[in-house]
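Q: here you go, sequence then predicted model.
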Amino acid sequence: MSLETVATTSAAPVTAPRNAPPKMQGEKVCVFYGAKQALFDVDLKIEQFSVTSLIGPSGCGKSTFLRSLNRMNDTIDGCRVSGKITLDKDDIYDPSIDVVELRARVGMVFQKPNPFPKSIYENVAYGPRIHGIARNKTDMDEIVHSSLRRAGLWNEVKDRLNEPGTGLSGGQQQRLCIARAIATRPEVLLMDEPCSALDPIATAVIEELIDELRENFTIVIVTHSMQQAARVSQKTAFFHLGKLIEEGKTEDIFTNPRNKQTQDYITGRIG
Amino acid sequence: MATTLNEHIVTSYEDELTNLNKAISEMGGMVEQAITESAVALLRLDHQQAQNVRAFDKRIDEMQQRINDAAVSIIARRQPMAADLRMVVTAIQVANDLERTGDMAKQLAKRALQIETLGLAPKFYNGIKHLKELVAQQLKSALDAYLGRDSKAAVEVCGRDDQVDALYTSLFRELLTYMMEDPRNITQCTHLLFCAKSLERVGDHATNIAEAAYYLETGRHLGAEEQQRQPR
């Protein structure tokens, strides 16, 4: 029996139908930083409308893999990606792909909240504006409001939309960054340790938010907290020394991993 | 997971898990002793021995409390995962089965106090003695499988529970026959029938412990299908 069927409180809708094609898929993905290879032949499917967590010790390649999903690695000198990564079957490293448009479809939230030094409103409006999503002021207002509402921040900021985003608390800033990321209506949301700079309450708010967001978005999260991976994700992938060691249903990974390295890592043993 | 695990980075966590395992081992030994002594008390109608077993049961109960407290503390403070999680969860289960087994020993001791004749005829107690030996062996094998992380031995224990059941059924018929032969046997034989039932229950708890041992090592539950898949 799966945990979902036992817990009556988590009335989360069923994720993508079984056998649905993956939203994103990596095939034999290798990433090199100059001469150093950081990822080795990673094959991983990201399922639609579910949360996939990437775990592993520092330097294992999980963030590298995450960043290769929206070509953030392009910004690093000497970085080279081989293999194939698809978004809805389209190769995202195809020369014909518009990287700016790709990043609008595959949004990202970073470890440290990094709001722009602008008003709360402008932080959220920036993406839709440069991508030309809003036709007029009314449209833009609606996008800003709904994004803030979805990010669970609306009630806290509705009376001070013109105050600087940097004046919010850490947890609020991170939710502002999530609102900013979802304002461009991405299909996939990448999160690189989104709670590592937050206190437990702010973390719980973000985790609750992740659970709500997966109804409409496909989420990939990198986290150092295994408890967090266990709490928020449906699928977990364990990386070690640049290789994907094991992936599977989250409850299987944390109760009965098949691989000894996974077991050693998640139980806190020396590998 | 069949492989032996490395040590934890946090040694105090490693110590806590080791101590939990030791406590199960110790409690298992106490319960085995209780079963053996209660059987002796019953077969010899040794009332002093029976009183000792009843007093000893309190210590077994305390041991279960200790194990539960330690397990809850580990869950709360360490958030165990994978094999560690299974170890902690099965420790609670096994301690519960051992405590129930201890209660069965207490039941035997109580019966020993209730049988008022001077001695039992050997023909009455031979079957009980045999059943006691069989379930004591099952309990020992189950505990060995649990502490030795031996899923194959655990499957064997589960497979042998049929023997316990068969012996109990034949003992039931035998005692019934004695009662029909001579109504004066009825009191003694009824007491012995309850004792046989208690011993049969010990066999069931041994099976539970073996199932926990299987889950601990493999992460899978030992259902009927799984038992068939395993080579005997």
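A: It's in.

Q: contacts, neighbours, all on C-alpha from now
A: OK.

Q: for the stretch 151-271 of chain A, what are the low-confidence residue spans?
A: Counting by pLDDT under 70, the stretch 151-271 of chain A has low-confidence residues at A:270-271.

Q: and the helices in it, which stretches?
A: Here the stretch 151-271 of chain A has its helices, by DSSP state H, counting those that start in this stretch, at A:154-157, A:170-183, A:200-213, A:226-232, A:250-255, A:260-266.

Q: go through the first one and flag the buried ones.
A: Residues of helix A:154-157 classed as buried under the neighbour-count rule (16 or more other C-alpha atoms under 10 Å in any protein chain shown) are A:W154, A:V157.

Q: may I have that helix as PDB, with CA atoms only?
A: What follows is helix A:154-157, C-alpha atoms only, in PDB (Å, rounded to 0.1, in the frame of the first residue of the first chain):
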ATOM      1  CA  TRP A 154      -0.400  37.500  -1.200                       C
ATOM      2  CA  ASN A 155      -1.900  38.000   2.200                       C
ATOM      3  CA  GLU A 156       1.400  39.100   3.600                       C
ATOM      4  CA  VAL A 157       2.300  41.600   0.900                       C
END
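
Q: which elements pack onto that helix?
A: Judged by 3 or more C-alpha pairs under 8 Å, 6 or more residues apart in numbering or on different chains; DSSP states H and E, the packing partners of helix A:154-157 are helix A:137-150.

Q: what is the mean pLDDT for the helix it packs on?
A: Computed over helix A:137-150, the mean pLDDT rounds to 93.

Q: now it against helix A:170-183, angle please.
A: Per axes from the mean of the first three to the mean of the last three C-alpha atoms, to 10 degrees, the angle that helix A:137-150 makes with helix A:170-183 is 130 degrees.

Q: next one: helix A:137-150 to chain centre, how far?
A: Centroid separation between helix A:137-150 and its chain, computed with C-alpha atoms, centre = their mean, to the nearest Å, is 22 Å.

Q: next one: stretch A:201-210
A: Relative to its chain's centre, stretch A:201-210 lies at 14 Å (C-alpha atoms, centre = their mean).

Q: and that stretch, what's buried?
A: Along stretch A:201-210, these residues count as buried under the neighbour rule (16+ other C-alpha under 10 Å): A:A202, A:T203, A:V205, A:I206, A:E207, A:L209, A:I210.

Q: contacts only, for the residue nearest to the last one when sequence neighbours are not counted.
A: Translated: A:I210. Of all residues not flanking A:I210 in the chain, A:V232 sits nearest, at 7.2 Å (C-alpha to C-alpha, 6 or more residues apart in numbering or on different chains). Contact analysis of A:V232 by C-alpha atoms under 8 Å, 6 or more residues apart in numbering or on different chains lists A:V51, A:E207, A:I210, A:D211.

Q: what's the most distant pair in these?
A: Greatest spatial distance in the contacts of A:V232: A:V51 and A:E207, 11.0 Å, computed using C-alpha to C-alpha.

Q: what distance do you get for the residue nearest to A:I210 to chain B?
A: Going from A:V232 to chain B by C-alpha to the nearest C-alpha, to the nearest Å gives 16 Å.

Q: buried deepest among the helices of the stretch 151-271 of chain A, which one?
A: Most buried of the helices of the stretch 151-271 of chain A, by mean neighbour count (mean count of other C-alpha atoms under 10 Å in any protein chain shown): helix A:170-183, with a mean of 26.

Q: and it, what does it pack against?
A: Using 3+ C-alpha pairs under 8 Å, 6+ apart: helix A:170-183 touches strand A:106-109, helix A:120-130, helix A:137-150, helix A:200-213.

Q: gap between it and the chain center?
A: Using C-alpha atoms, centre = their mean, the mean C-alpha position of helix A:170-183 is found 13 Å from that of the whole chain.

Q: which residues touch it?
A: Residues contacting helix A:170-183 (C-alpha under 8 Å, 6+ apart): A:107-109, A:112-115, A:120, A:123-128, A:143-144, A:147-148, A:150-153, A:165-166, A:189, A:194, A:197-199, A:202-203, A:206.
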